[in-house]
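Q: Give the three-dimensional model of this entry:
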Amino acid sequence: MSVVTVPELVLVRGNIITMDAARPHATALAIARGRIVAVGDDAQIRALADASTKVIDLAGRTVTPGFIDAHAHMEREGLKTLRPTLAHAKTVNDVLDIVRREAAHRAKGEWIITMPVGQGPYYFGGPSNLAEGRMPTRWELDQAAPDHPVYIPGLFGNWGVPPGFSALNSLALARNNILPGTCPTCRGIEIEFDAKGEPTGIIVEHNKRPMLEFDLLSNVPAFSFDDRLEGLRRSLPIYHAFGTTSIYEGHGSAPQTLAVYRALWQAQALSMRSRLCVSPTWSTPEEARITMRDALPHARGQGLGDDFLRIGGINLGMNGAPDVAAASRRALPNTGWAGFVEWNNPLQDYERYAQHAAEHDLRVHSVINTRLSDVLDVYERIDARYPLAGRRWVIEHIGHVEPADYARIRRLGLFITTNPLYTIWKNGAPHLNEPDDGNHYMPVRSLIEAGFAVSAGSDNIPVNPFYAVWTCVTRRERTSGQVIGPDQRLSRIDALRMITSHGAWLSFEEDIKGTLTPGKFADIAVLSDDPLTVDDEALPNIHALLTLVGGKPVHGDLQDFAQGVGA
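A: Next up is the predicted model:
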């Protein structure tokens, strides 16, 4: 143990899980200039302090590296707080009362837009949460707010399970020119009409990624730049409250989303280490080639930025529907809740995009789901011309991975992210009766044992990273409680690696974060409980009592722990 300067802060009497194989456990550590300078026992660390050092007595509390959310969609969480919640509404009249209250303090003609019916973060069931089992009609909403256009949106598909149910009053319908006989452009959207052919104000959407606002409701106010900026600002403390100190947004960020992050960073208000990639707006491979060549040099290689904001690489989507992609691009800069741009990339176009990216050293991030074999075929053809090893292209949202795929993934130097709660708990039902008991579905244990640094993300449903830990430990599906892939259940320590040390590799930062090791960022979470010993069902309840980024508190108060000045 060596230290080059007197520490500004030391933490003593802790249960410190370092995630460092060389020293997995300690009781104390020292911090100076935003970095960890020493890790050891209490006597060793106290000996480094002088009268200027602040000493924090952890009183046995558990400490881990700050968490790295490998699929965060962080900006969404704060946006949710900008709209009135309907979470506690149990009847149609409860919903109408909330609308009435909103109308009472808004200028006439101002839009009233709420959150969906149901309990977040999933909004499962929609109108079935109301005693009447239905949404309010246009006429009921008219009585509650005759002088305001009212829009109650359906769920965003990633949160719950389609269909989503929206409701609008007459003024909102008129402003969007929804009349008898109106037909959606995008598939999967149904306008409900009464016996006279009049729209009832209720619209049902079956698409996983809602297109209603891009297609029929173009006059509903989109989130403005200022909304998104305030939403991101509000998101930070929510994520920090669970010990998250870094995010990686491999699903891509649309231009407006990137601009919002840049604005907060420029104001020196971005307390989360944020690693973003570009969600493209191009429509053809030729347009993409020119954009990659001329407009994205800053995103090449490891990207451009600093310790708090770095932008590098692109997200490439596969498949998608032409009408959805067209509607999404017509709506730009509005991307709704997604924050990224929808795509329509047949495999042939996907390969051309990926090849152009390899040519211009733009790292590719792709949500794979069920298309891993196709993607590996594409990458192997590209690799023959532009070797991919070392570029750390990322395959995200993995589903099935067969043992034969492991060697191909390793040879290409690919990195793997997972969304455990989304993949296993929320959407695992179709995989309950697979011949292999689901052991090839998101096979995280086999991949980790094979040497892959598999990481995990929250997908913003919900933001607590311990839901990912819990899912990887239990692998239970939500509707049946049945275990999917029992052989793939992880130990607690391996599950913790997925949200700490493994996540650092995604941004080429394994040497500066992810473990509590001298020289690395002092990104630290002091937890409410010990994730290595609590009962399985208590894992999702763990939260941070104190979160430090670069040694500075971003959640909690050092004074709550301070032993005093000096050793």
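Q: so where's the stretch 301-450 of the chain uncertain?
A: Within the stretch 301-450 of the chain, no range satisfies pLDDT under 70.
Q: quick one: the helices in it?
A: Taking DSSP state H, counting those that start in this stretch as the criterion, the stretch 301-450 of the chain carries its helices at 322-331, 347-359, 372-383, 403-412, 420, 444-449.
Q: Pick the most buried one from those.
A: helix 420 (a mean of 29; mean count of other Cβ atoms under 10 Å). All C-beta atoms are positioned from the backbone trio N, CA, C, and that covers glycine.
Q: show me the contacts for the closest residue to G303 other than its chain neighbours.
A: Counting by Cβ to Cβ, 6 or more residues apart in numbering, G303 lies nearest to G312, which is 2.0 Å off, once chain neighbours are set aside. Contacts for G312 (Cβ atoms under 8 Å, 6 or more residues apart in numbering) come out as 275-277, 299-305, 363.
Q: want to try TSV for the helices of the stretch 301-450 of the chain, with distance to I493 as columns?
A: Formatted as TSV, these follow (distance: least, Cβ to Cβ, whole Å):
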stretch	distance to I493
helix 322-331	41
helix 347-359	35
helix 372-383	27
helix 403-412	22
helix 420	16
helix 444-449	11
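Q: quick revisit: please, a ChimeraX command that selects the buried ones among the contacts of G312?
A: Entered in ChimeraX, the line below selects the buried ones among those, by 16 or more other Cβ atoms under 10 Å:
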select :275,276,277,299,300,302,303,305,363
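Q: closest to I524 among the contacts of G312?
A: Nearest to I524 among the contacts of G312: R275, at 19.0 Å, using Cβ to Cβ.
Q: That closest one pairs with what?
A: Partner residues in beta bridges with R275, using DSSP bridges, are Y248, R310.
Q: Pretty sure it sits against S253.
A: No: R275 is beyond contact range of S253, at 10.3 Å (criterion: Cβ atoms under 8 Å).
Q: Next up, phi/psi of the most centrally placed residue in the chain, please.
A: Nearest to the geometric centre of the chain sits A72, at 2.0 Å (Cα atoms, centre = their mean). Geometry field for A72 lists phi and psi as phi -90, psi -40, criterion degrees, to the nearest 10.
Q: and it, how far is that from W505?
A: To W505, A72 is 16 Å away according to Cβ to Cβ, to the nearest Å.
Q: Repeat that for P24.
A: Counting by Cβ to Cβ, the gap from P24 to W505 is 19 Å.
Q: what does G413 give?
A: Using Cβ to Cβ, G413 is found at 11 Å from W505.
Q: Need the overlap of contacts for these two.
A: With contacts taken as Cβ under 8 Å, 6+ apart, G413 and W505 have R392 as neighbours in common.
Q: more neighbours, the two?
A: W505 (20 against 15; other Cβ atoms under 10 Å).
Q: From what I see, the more buried one and L414 are in contact.
A: No: taking Cβ under 8 Å as the definition, W505 is not a contact partner of L414, at 11.4 Å.
Q: Show me the common contact partners of these two, please.
A: Counting by Cβ under 8 Å, 6+ apart, the common neighbours of W505 and L414 are R392.
Q: if we can go back for a sec, ok, the residue nearest to the centre of the chain touching E249?
A: Yes: using Cβ under 8 Å, A72 is in contact with E249, at 6.1 Å.
Q: ok so, going back, from V378, how far out is the residue nearest to G303?
A: 21 Å.
Q: quick one: which helix or strand includes the nearest residue to T85 once chain neighbours are set aside?
A: For T85, ignoring the flanking residues on the chain, the nearest one in space by Cβ to Cβ, 6+ apart is M115 at 5.0 Å. Using DSSP states H and E, M115 falls within no helix or strand.
Q: what's near enough to touch T257?
A: T257 makes contact with 75, 228, 276, 279, 335, 339-340, according to Cβ under 8 Å, 6+ apart.
Q: Of the residues you listed, which is the nearest to G556?
A: E75 (23.0 Å).
Q: residues near the closest one, how many?
A: The burial count for E75: 27, using other Cβ under 10 Å.
Q: likewise the one 10 residues further on?
A: T85 has 14 neighbouring residues, counting by other Cβ under 10 Å.
Q: Number the residues from 9 up from this point.
A: In the new numbering, first residue 9, that becomes T93.
Q: for E221, what are its contacts?
A: For E221, the contact set (Cβ under 8 Å, 6+ apart) comprises 161, 228, 230, 339, 342, 344.
Q: Which one (most neighbours) among those residues?
A: Neighbour counts for these (other Cβ under 10 Å) peak at P161, which has 26 neighbours.
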